[in-house]
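In: Return atomic coordinates for the entry below.
(chains A and B)
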Amino acid sequence: MSRAAAAAVALALAACGHPRKVAAPGAAEPPKPRDQASRAEQGVPPEGERPRVPASPKALLADGAIRTIQEALAARGLLGRHRSGELDGPTTGAIREFQRDQDLAETGFPDRLTLQKLGIDPEEAYGKVREEVKGGGGEGNGAGKGGEGSAGGKGEGR
Amino acid sequence: MRRRVPRLAIWIAAVALLLVGARLALDPIAEWRTRKVLSEIEGMRTTFSDVEVGVVGLSYTIRDLRIEKLSAGGAALPFFAVERLHLTLNWRELLRGDVVARVDLDAPRLNVIQKKATGQPASAQQIQETPKVGRKLRDLAPFLVDRAQVKDGQVLVVDASEPERAVVRIHGIELTLENFATRPALARGEPTVLAARGTLQRSGRISAFATADPLAKHVTFAGQGRIEGLRLAELSGLIGAHSDVTAEKGVLDMSLRFRADDGRISGGIRPVVKGASTRPSRPGLLADLESALADAALALFEDDVPGREAVATTIPISGTVDDPKAQAIPTVIGVLRNAFVRGLADSLSGLPPPKAKEREGVLEQARRGLSRGGQPRAQPREEKKK
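Out: Down below sits the predicted model:
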C-alpha cells in the first residue's frame, strides 16, 4: 500500500514536471517580460470618455477579430485555415496581398477600408476601445485580453 | 395635346443640353480653381497635367502634380510631386449622414533638404514646410478628409549641412491614416490610426503603427516601429559626413515602442547590430546626427540612463512635448525619426574600436586616448620574425 502511495506521488510529481514556486502571502511577483510587453502594447489606458490609445494592432482589435479576418482571408484562398488568431507574418502577408488586389495601400494592417472590403464590420473589429470606455475600463481592463492576442476570445471559432 | 409633347421634348432637350454643358465646363472650372488655390502657396511653383471631376462617384483627381520651391536665385527645386491625387466622397459615411472624403496619393515624392545649424542655405527645403503645402491641397476638397492613403511613396532627405550631402531615402512607402478629428471618427470613439511600411535606403524594411487621441488637450499617442536588415554600409554617407569613419559591414535591426500621455513621452528602443567592424571616432556623432536629422522641437531623450550598453539593450526614452498646439501625427513622426538616430548612434558607439593601419607606439596610443574625443585604436598584430 505504501508502495502504491509512493508510486502515485512520483507519478503526480512527474506529471507536474517541476515543483511550483509558491509566492509568499502579500509578496508581489516581478512582472514577466511577456506581461510587460503585453502591457506596453496596450498603450495609453482609457480615461473618462477617452478611449484606449493602443500601441499595437493587436491591442486595437477586438477579441476574435483577428480570427474573423483570417477566416475572411482563408475564404479568398489567401491564407491557410490553420492560423491561430495571431496577427503573425503569414496573416499580415495575406492582408498585404488582399490590399494589393484591392488597390489599397499594402500596410499589412487591417484598416477600416480593408475590413469593409473583406466584408467585416470595422465597428465590431475595433469594438474593444469603445467597450472599455463604456465599461469604465482602466489599465487592468483589457490588458489581459489584448495580451492574449484574442487566442481565447469569445468571438472565435466561428 | 399635340402642342404639349413637342414643348416637353424641348424642355427635356434643353435640360439635357444644360447638363452636358455643365459637365463639359466642370473640368475647366475645377482646373481653374486648382490653379488658383495652388498658386497661393508662398515661394512655390505648381504645375499639373490634368484635373478631372467625377460626377457619379463625386471624385476629384489631379495628375502629375509638381510643386517646386523657388530659391532666391530663381532656380526651381522639386519639393513635392505626386502622379495622382484622388479625392473621393465616402459613400458609406454619407449613408450615415456624414459628408467626409478620402484622399489617395499614388507615387508621391517629398524632397527635404536639411538646413545648416547656423544659417540656412538658399536651397533649404524644410520638413516644416510640408504642412503648408498639405493645407493647400486640403483646401481643394470641399469636404473634410477622414482617410488618407499613400501608395509607393518616397521621402528623400538631403543633408545640406555637410559638403558630402548625405542622402537618406525611404521609398516604397505604403501608408494609411484613418479617423482624423472629424465628426464620424469622434462619434465612433476610435483613435486616429497610422499604419505604414517602407524601405530605408536599399535594405532596411521598416514598419510603423501608431494611434492617437484626436481630442486630447496635449498630444496623446502610442505606437511601435521596427527596422529590419538595414545594412550599415548604406548609411556610410550619412555616418561619414558626421564622423571620420564609415561603417563598412554590419546589419542593424531596431525595435521601438513609445507612448505619450498628455504630452509626456516614454518608451524604449532596442537596436541590435550584427557583424559590424568599425565605430565612429568622434564622440559628438550623436549630437551631429541629431542636428542633421532629428527634430529639435521635440525635447526627447533627455532622461537617458547613462552607462548603458548599446548593443541588444533597450534604451529608455522619455521627454515632453511642451507645445499644447503640437499635433499628434507630426510628433509621432518626430519620435520615430529621433529614435532611429538615437538607436543608430548608440549601436555604433557599442562596436569595437577602429584598427590602426600600422602598429602605433605607446606614446601615440596614449596621445589618442587622452586627446579630446579621442580613442585608442586596435593595434595590428606584429608579424613574426623569421
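
In: Can you get me a residue count around the closest residue to chain B within chain A?
Out: Nearest residue of chain A to chain B (Cβ to the nearest Cβ) works out as residue A:43 at 2.9 Å. Any C-beta I mention is one placed from the backbone N, CA and C, and that applies to glycine too. Neighbour count for residue A:43, taken as other Cβ atoms under 10 Å in any protein chain shown: 29.

In: And for residue B:155?
Out: A count of nearby residues for residue B:155, using other Cβ under 10 Å, gives 19.

In: right, and it touches residue B:173 too?
Out: Yes. Applying Cβ atoms under 8 Å as the test, residue B:155 and residue B:173 come out as touching, 7.0 Å apart.

In: quick revisit: what does the pLDDT read for the residue of chain A closest to chain B?
Out: On the pLDDT scale, residue A:43 is placed at 87.

In: Skip the chain neighbours and tell me the closest residue to it.
Out: In this structure, residue A:43 finds its nearest non-sequential neighbour in residue B:222, 2.9 Å apart by Cβ to Cβ, 6 or more residues apart in numbering or on different chains.

In: Hmm, residue A:58 and the residue of chain A closest to chain B touching each other?
Out: No. In this structure, residue A:43 is not within contact of residue A:58 by Cβ under 8 Å, at 11.0 Å.

In: Quick check: phi and psi at the residue of the stretch 201-350 of chain B found nearest chain A.
Out: Closest to chain A within the stretch 201-350 of chain B is residue B:222: 2.9 Å, counting by Cβ to the nearest Cβ. Backbone geometry at residue B:222, expressed as degrees, to the nearest 10, gives phi -150, psi 150.

In: wait, is residue B:364 part of a strand?
Out: No. Per DSSP: H, G, I helix; E, B strand; the rest coil, residue B:364 lies outside any strand segment and is helix.

In: what's around it, how many residues?
Out: 14.

In: before we move on, what about residue B:9?
Out: Neighbours of residue B:9 using other Cβ under 10 Å come to 10.

In: Residues of chain A that sit close to chain B?
Out: A:40-41, A:43-44, A:49-57, A:60, A:99, A:104-109, A:111-113, A:116, A:123, A:126, A:129-130, A:133 (Cβ under 8 Å from any Cβ of the partner chain).

In: Generate the PyMOL command that creates a selection of the buried members of those.
Out: Of these, the buried ones can be selected in PyMOL as follows, counting by 16 or more other Cβ atoms under 10 Å in any protein chain shown:
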select buried, chain A and resi 40+41+43+44+50+51+52+53+54+55+56+57+60+99+104+105+106+107+108+109+111+112+113+126+129+130+133
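
In: beta partners for residue B:252?
Out: Beta-bridge partners recorded for residue B:252 (DSSP bridges): residue B:230, residue B:273.

In: Verify the contact between it and residue B:234 for me.
Out: No. Using Cβ under 8 Å, residue B:252 makes no contact with residue B:234, being 9.8 Å away.

In: These two - which one has more neighbours?
Out: Taking neighbours as other Cβ under 10 Å, residue B:252 and residue B:234 compare with residue B:252 leading, 26 against 17.

In: Contacts for stretch B:322-333, please.
Out: Contacting residues not belonging to stretch B:322-333 are listed as B:131, B:177, B:192, B:194, B:210, B:212-214, B:216-221, B:223, B:260, B:263, B:297-299, B:321 [Cβ atoms under 8 Å, 6 or more residues apart in numbering or on different chains].
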